[in-house]
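[1] no sequence on this one, just coordinates:
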């Protein structure tokens, strides 16, 4: 078994990631892929990969005017949950945010009651 690597998502991963995310959130895959492509260009989508397999995703938005990065979507495939992948994505997000917003850093995360237990 290979180790999970967290990095910015590459364009080549957008379609598979969008299918995974759309299936879980009951959204249209094409719209999710378009959203991911926009955020890939801005380096605002992280991916967790085990080898070439996508096992987790996190998107975020930079708001320099608010000195904040907003964590938006965090998804780990069900069979990989409770293994620290969500935590690793969050820690990468926090590390990036500290570099981008060093003086007045604010990290904003939210959850809904509809989210599944990790």
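    Thanks, I have the structure now. Just so it is clear, the model here is predicted, and its values are computed rather than measured. Numbers count the residues shown, from 1 in each chain.

[2] From now on I want contacts and neighbour counts done on CA atoms only, so please keep to that.
    Noted.

[3] which secondary structure elements does the lengthiest helix in the chain contact?
    With DSSP state H applied, the helix covering the greatest number of residues in the chain is identified as helix 85-100. With contacts defined as 3 or more Cα pairs under 8 Å, 6 or more residues apart in numbering; DSSP states H and E, helix 85-100 has these neighbours: strand 4-8, strand 45-50, strand 53-63, strand 68-76.

[4] excluding its backbone neighbours, what's nearest residue 23?
    The shortest distance from residue 23 to any non-neighbouring residue, by Cα to Cα, 6 or more residues apart in numbering, is to residue 29 (7.7 Å).

[5] per-residue confidence at the spatially most central residue of the chain?
    Among the residues of the chain, residue 58 comes closest to the average C-alpha position under Cα atoms, centre = their mean, at 0.8 Å. You'll see residue 58 listed with a pLDDT of 94.

[6] Reformat the helices and strands packed on helix 85-100 as a markdown table; add distance to residue 93.
    Output for the helices and strands packed on helix 85-100, formatted as a markdown table (distance: least, Cα to Cα, whole Å):
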| stretch | distance to residue 93 |
| --- | --- |
| strand 4-8 | 10 |
| strand 45-50 | 8 |
| strand 53-63 | 8 |
| strand 68-76 | 8 |
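
[7] coming back round to it: enumerate the positions of the longest helix of the chain that are buried.
    85, 86, 88, 89, 90, 92, 93, 94, 97, 98 (16 or more other Cα atoms under 10 Å).

[8] My read is that the first one contacts residue 77, right?
    Pointing back at residue 85 there. No - applying Cα atoms under 8 Å as the test, residue 85 and residue 77 come out as separate, 9.5 Å apart.

[9] Find residues that contact each of those two.
    Any residue near both residue 85 and residue 77 by Cα atoms under 8 Å, 6 or more residues apart in numbering counts here, and that gives residue 56.

[10] ok so, going back, what does the longest helix of the chain contact?
    Here helix 85-100 has contacts from 4, 6, 46-48, 56-58, 68-69, 71, 74-76, 105, 107, using Cα under 8 Å, 6+ apart.
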